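A.B. asks: Fold the following, please.
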Amino acid sequence: MSPRIGLNDFDMYYSSSGSGHPVALLHGFPLDHTMWKAQIDELSKDHRVIAPDLRGHGRSQATPGPYTMDLLASDVNTLLDRLGLGPVVLGGLSMGGYAAFAFARQYPNRVKALILADTKAEADTPEAQARREEQAQSVLKDGPRGLVDQMIVKMFTGKTSTSNPALVERLRNMMESTSPTGIAGALRGMARRPDSTPLLRSMRVPTLIIVGREDSLTTVSDAEKMANSIPGSQLVVIPEAAHLTTMEKPSEVNSAIRRFLQRVE
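C.D. replies: Residues are numbered from 1 along each chain as shown. Reported below is the predicted structural model:
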């Protein structure tokens with residue numbers, strides 16, 4: 001089921017599949033919930049899997065930005081309220097991970113466990129903030145293609161990009177269909193996100209950290225820092241994968257999440 005719901009100040013589109021203990025999955029930038037398709041298909045066999053298109057992405061409405069991570073977290077919390085769900089296993093990849101940190105800060109009692117995929121705790125440097133603003137202005141002026149061209153080469157390993165052009169094309173279509181307003185809103189929101197490092201040592205929920213060994217955007221080193229700071233967390237490094245592990249190595253990611261869910265449930 002993939003309904004649309006009016007919440008806060010916009011219409012959100014989301015996927016709801018399966019039944020059982022709820023798992024909520026937050027996608028990366030500038031993507032939509034279908035980047036989790038392989039995980040939705042697998043986990044919904046015995047869980048209820050909720051995967052929204054975050055504000056301004058996919059089929060969800062784009063509103064004027066910036067989309068702070070607190071705002072995205074509030075959107076997700078309102079969605080869970082509307083669905084009548086209590087604590088969830090919350091997963092986020094890249095920007096979805098930033099939103100998951102914001103969610104954990106604001107609604108700690110609603111987080112049963114965390115899955116942090118290809119993300120990091122640190123805030124943007126001033127240089128990264130400036131680059132995001134340049135990208136936002138460029139996308140609003142000329143559309144998303146230039147940004148997509150810059151990003152797409154970092155999403156998968158060179159081996160996958162060469163051997164699986166259909167996967168690359170699927171990703172390109174997903175990225176280029178994101179509205180310029182949504183892209184700019186997310187860029188400006190990510191630039192303003194706080195450093196989540198101080199949150200890590202206070203986290204007391206089971207946490208799975210996943211990272212592609214060849215991820216150049218949120219690196220193995222970034223993942224190790226989180227794993228070393230979050231008490232009792234588990235780190236899984238996916239070989240021959242870059243930033244979008246969920247799409248590039250779905251079987252390996254699914255197996256890691258399955259093992260984790262068996263432990264926390």
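A.B. asks: what number of residues lie near S196?
C.D. replies: The number of residues packed near S196 is 22, by other Cβ atoms under 10 Å. Every C-beta, even on glycine, is put in place using the N, C-alpha and C of the backbone.
A.B. asks: oh, I was asking about D142
C.D. replies: Quick note: D142 (other Cβ under 10 Å) scores 11 neighbours.
A.B. asks: same deal with M226?
C.D. replies: Residues near M226, counting by other Cβ under 10 Å, number 25.
A.B. asks: Is it correct that it is in contact with A121?
C.D. replies: Yes - in terms of Cβ atoms under 8 Å, M226 counts as a neighbour of A121; the distance is 5.6 Å.
A.B. asks: For the two, list the residues in contact with both.
C.D. replies: L200 (Cβ atoms under 8 Å, 6 or more residues apart in numbering).
A.B. asks: And the helices in this structure?
C.D. replies: 37-43, 69-82, 95-106, 126-142, 145-152, 158-163, 165-176, 180-191, 197-200, 220-229, 245-248, 250-264 (DSSP state H).
A.B. asks: now those helices in TSV, with distance to I238?
C.D. replies: Formatted as TSV, the helices of the chain follow (distance: least, Cβ to Cβ, whole Å):
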stretch	distance to I238
helix 37-43	13
helix 69-82	25
helix 95-106	15
helix 126-142	25
helix 145-152	19
helix 158-163	12
helix 165-176	15
helix 180-191	23
helix 197-200	21
helix 220-229	10
helix 245-248	5
helix 250-264	5
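A.B. asks: okay if I get those as JSON lines plus mean pLDDT?
C.D. replies: Listed next are the helices of the chain as JSON lines, based on pLDDT from 0 to 100:
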{"stretch": "helix 37-43", "mean pLDDT": "98"}
{"stretch": "helix 69-82", "mean pLDDT": "97"}
{"stretch": "helix 95-106", "mean pLDDT": "98"}
{"stretch": "helix 126-142", "mean pLDDT": "97"}
{"stretch": "helix 145-152", "mean pLDDT": "96"}
{"stretch": "helix 158-163", "mean pLDDT": "97"}
{"stretch": "helix 165-176", "mean pLDDT": "97"}
{"stretch": "helix 180-191", "mean pLDDT": "98"}
{"stretch": "helix 197-200", "mean pLDDT": "94"}
{"stretch": "helix 220-229", "mean pLDDT": "98"}
{"stretch": "helix 245-248", "mean pLDDT": "98"}
{"stretch": "helix 250-264", "mean pLDDT": "96"}
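A.B. asks: out of these, nearest to R55?
C.D. replies: helix 69-82 (5.6 Å; Cβ to Cβ).
A.B. asks: For the closest one, C-alpha coordinates in PDB please.
C.D. replies: What follows is helix 69-82, C-alpha atoms only, in PDB (Å, rounded to 0.1, in the frame of the first residue of the first chain):
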ATOM      1  CA  MET A  69      16.600  17.600  10.000                       C
ATOM      2  CA  ASP A  70      14.300  18.500  12.900                       C
ATOM      3  CA  LEU A  71      11.600  19.400  10.400                       C
ATOM      4  CA  LEU A  72      12.000  16.100   8.600                       C
ATOM      5  CA  ALA A  73      11.900  14.200  12.000                       C
ATOM      6  CA  SER A  74       8.700  16.100  13.000                       C
ATOM      7  CA  ASP A  75       7.100  15.000   9.700                       C
ATOM      8  CA  VAL A  76       8.000  11.400  10.400                       C
ATOM      9  CA  ASN A  77       6.800  11.600  13.900                       C
ATOM     10  CA  THR A  78       3.400  13.000  12.800                       C
ATOM     11  CA  LEU A  79       3.100  10.200  10.200                       C
ATOM     12  CA  LEU A  80       3.700   7.600  12.900                       C
ATOM     13  CA  ASP A  81       1.100   9.300  15.100                       C
ATOM     14  CA  ARG A  82      -1.400   9.200  12.200                       C
END
